[in-house]
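1. Here you go, sequence then predicted model.
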There are 2 protein chains.
Amino acid sequence: MNTRDKILKAAKTLLYEEGFEAMSPSKVLKLSGAGQGSLYHHFSGKKELARTVLDDVAEELNEVAESIFDNENYLPTEKIELFLKRKRNGLLGCKLGRLANEKAFRSEDLRAPLEKYFSLVLTKIKRTLIEGVAQNLFKPEMPVDSIAHLIVASVQGGYVVSKSLNDDNAINQATQGALELLRAYKTEKQT
Amino acid sequence: MNTRDKILKAAKTLLYEEGFEAMSPSKVLKLSGAGQGSLYHHFSGKKELARTVLDDVAEELNEVAESIFDNENYLPTEKIELFLKRKRNGLLGCKLGRLANEKAFRSEDLRAPLEKYFSLVLTKIKRTLIEGVAQNLFKPEMPVDSIAHLIVASVQGGYVVSKSLNDDNAINQATQGALELLRAYKTEKQT
DNA sequence: GTCTATAGCTCGATAGAC
DNA sequence: GTCTATCGAGCTATAGAC
């Protein structure tokens, strides 16, 4: 692995585990094994390094979402279920959502990967719900927009509650709750 | 207002607006107008200052929750509705939940106020749901534990999504979604 | 109890040899 | 392209006058 990639890998780990503010260039360089100047040879600074990492992370998470929601092997109802039933460790957190509260993410350049990912996921879920209604799997009165938001929020909020309670399972209870509630919007066509 | 209170007030503002890491003692002192030594006369350091502020914030938020869930004037269904319909500005964030992802909050001493508040709220919501079932307002098959988690997560996750999208209303869509889904668990006794 | 001065450290970033 | 050395600024905390 070349120096640039080693730096990116170290930055990715630190962004996930400690966040942006705590990811100091010196920590990145120490973890990557690279020398001091290398970071500023490959990147204009800490911000650009983080942005490069986060564009990559957003792409990864988007591929996970695609593997569920753009997969023709599943029914709309199954897609929603698969997304909500993913096993998540609440004490780790979402690689993007965990950063949303940091001061630096009020600026467009750092927030952009978060906006891109959440927009995409919300769109995919909304479309899936609409398809479910069209296929008579969900009841027609389903408010797709607000329910798409709720589904995403149940994951992100689950992480927050898990971390606050130091309970890795709180997030799974939240997504389980969303799943239970959604059942009521299924038609009799369902098992 | 005495110096200690001025310092607490400034720290409270900065914790809410910028978080713990970004709340430097120098900023606190500048905002409060107090001199350098005062902070360390009244508090052992930055951590104890934050803990004092957060115990206070947890108490405030708990009083809000009590005003809804421990109020005999409302039906259980109305209590849940009031909680979910509170107008929230998604770009501000929860004074406690916004801190959950910071590194310093992995230690017990800083996390304690967050755990206390979320435990209390979850307990109150769960109890309210159980009362609702007992009064035949909610259907008996309602899974109260996971739904209580979902309700809290819809708020906390709503803030995360709002900040990520820079959309102050995303949180209201998420809580609205929770409300819509809950409707299906209401009995015919409801209007 | 409040102030000014300053310690020791780490931050993000730069200079310049090789 | 990678390294070592170092900058100025801001960090958390302490010393000591009043």
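-> Sure thing, it's come through. Numbering: from 1, shown residues only, chains lettered A, B, ... in the order given.
2. Mark out where each domain of chain A begins and ends.
-> A:1-43, A:52-183 (automatic domain parsing).
3. Quick check: which of these is nearest to DNA strand D?
-> domain A:1-43 (1.7 Å; Cβ to the nearest atom of the strand). C-beta coordinates here come from the backbone N, C-alpha and C atoms, glycine included.
4. what distance separates the closest one from the middle of the whole chain?
-> Chain-centre distance of domain A:1-43: 22 Å, with Cα atoms, centre = their mean, to the nearest Å.
5. Now do it: distance from first to last residue.
-> Distance between the boundary residues of domain A:1-43 (Cα to Cα, to the nearest Å) amounts to 17 Å.
6. quick one: average confidence on it?
-> Domain A:1-43 carries an average pLDDT of 97.
7. can you check stretch A:86-101 too?
-> 97.
8. what does the average pLDDT come to for the biggest helix by length in chain A?
-> Counting by DSSP state H, the longest helix found in chain A is helix A:108-134. Confidence for helix A:108-134, expressed as mean pLDDT, is 98.
9. ok, now stretch A:58-78?
-> The model assigns stretch A:58-78 a mean pLDDT of 98.
10. returning to that earlier point: for the longest helix of chain A, enumerate the helices and strands it packs against.
-> Applying 3 or more Cβ pairs under 8 Å, 6 or more residues apart in numbering or on different chains; DSSP states H and E, one finds that helix A:108-134 contacts helix A:46-69, helix A:76-85, helix A:144-165, helix B:144-165.
11. cutoff 10 Å now
-> Secondary-structure packing of helix A:108-134 (3 or more Cβ pairs under 10 Å, 6 or more residues apart in numbering or on different chains; DSSP states H and E): helix A:46-69, helix A:76-85, helix A:144-165, helix B:144-165, helix B:170-183.
12. near DNA strand D, anything from the first one?
-> Right, helix A:46-69. No - Helix A:46-69 is not in contact with DNA strand D by Cβ under 7 Å from any atom of the strand; minimum separation 12.0 Å.
13. So for that helix, what gets flagged as buried?
-> The neighbour-count check on helix A:46-69 (16 or more other Cβ atoms under 10 Å in any protein chain shown) flags A:46, A:49-54, A:57-58, A:61-62, A:65, A:68-69 as buried.
14. can you put these in a markdown table and add distance to DNA strand C?
-> What follows is the buried residues of helix A:46-69, written out as a markdown table (distance: Cβ to the nearest atom of the strand, whole Å):
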| residue | distance to DNA strand C |
| --- | --- |
| A:Lys46 | 4 |
| A:Leu49 | 8 |
| A:Ala50 | 10 |
| A:Arg51 | 12 |
| A:Thr52 | 13 |
| A:Val53 | 14 |
| A:Leu54 | 15 |
| A:Val57 | 19 |
| A:Ala58 | 21 |
| A:Leu61 | 24 |
| A:Asn62 | 27 |
| A:Ala65 | 30 |
| A:Ile68 | 35 |
| A:Phe69 | 36 |
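15. Same list, those, but as CSV with distance to chain B please.
-> Converted to CSV, the buried residues of helix A:46-69 look like this (distance: Cβ to the nearest Cβ, whole Å):
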residue, distance to chain B
A:Lys46, 14
A:Leu49, 18
A:Ala50, 15
A:Arg51, 15
A:Thr52, 19
A:Val53, 16
A:Leu54, 11
A:Val57, 13
A:Ala58, 11
A:Leu61, 12
A:Asn62, 14
A:Ala65, 14
A:Ile68, 18
A:Phe69, 17
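16. Make CSV out of these and add distance to B:Leu114.
-> Formatted as CSV, the buried residues of helix A:46-69 follow (distance: Cβ to Cβ, whole Å):
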residue, distance to B:Leu114
A:Lys46, 28
A:Leu49, 30
A:Ala50, 26
A:Arg51, 30
A:Thr52, 32
A:Val53, 28
A:Leu54, 26
A:Val57, 26
A:Ala58, 28
A:Leu61, 26
A:Asn62, 31
A:Ala65, 29
A:Ile68, 31
A:Phe69, 33
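17. highest average neighbour count across the domains of chain A?
-> domain A:52-183 (a mean of 20; mean count of other Cβ atoms under 10 Å in any protein chain shown).
18. what does chain A put close to DNA strand C?
-> A:21, A:23-27, A:36-37, A:39-40, A:45-47.
19. how about those, which pair is most distant?
-> A:Glu21 and A:Gly37 (22.8 Å; Cβ to Cβ).
20. ok, the closest residue to A:Leu122 other than its chain neighbours - contacts?
-> Sequence neighbours aside, A:Ala148 is the residue nearest to A:Leu122 in space, at 5.2 Å (criterion: Cβ to Cβ, 6 or more residues apart in numbering or on different chains). Residues near A:Ala148 by Cβ atoms under 10 Å, 6 or more residues apart in numbering or on different chains: A:80, A:121-130, B:173-174, B:177.
21. How about A:Ile151?
-> A:80, A:83-84, A:121-122, A:125-126, A:128-129, A:175, A:178-179, A:182, B:154, B:157, B:174, B:177, B:181 are the contacts of A:Ile151 under Cβ under 10 Å, 6+ apart.
22. 7 Å - rerun?
-> Contacts of A:Ile151 were listed using Cβ atoms under 7 Å, 6 or more residues apart in numbering or on different chains, and they are A:Ile80, A:Leu84, A:Ile125, A:Ala178.
23. Would you point out the most distant pair within those residues?
-> Within the contacts of A:Ile151, two members stand farthest from each other by Cβ to Cβ: A:Ile125 and A:Ala178, at 11.1 Å.
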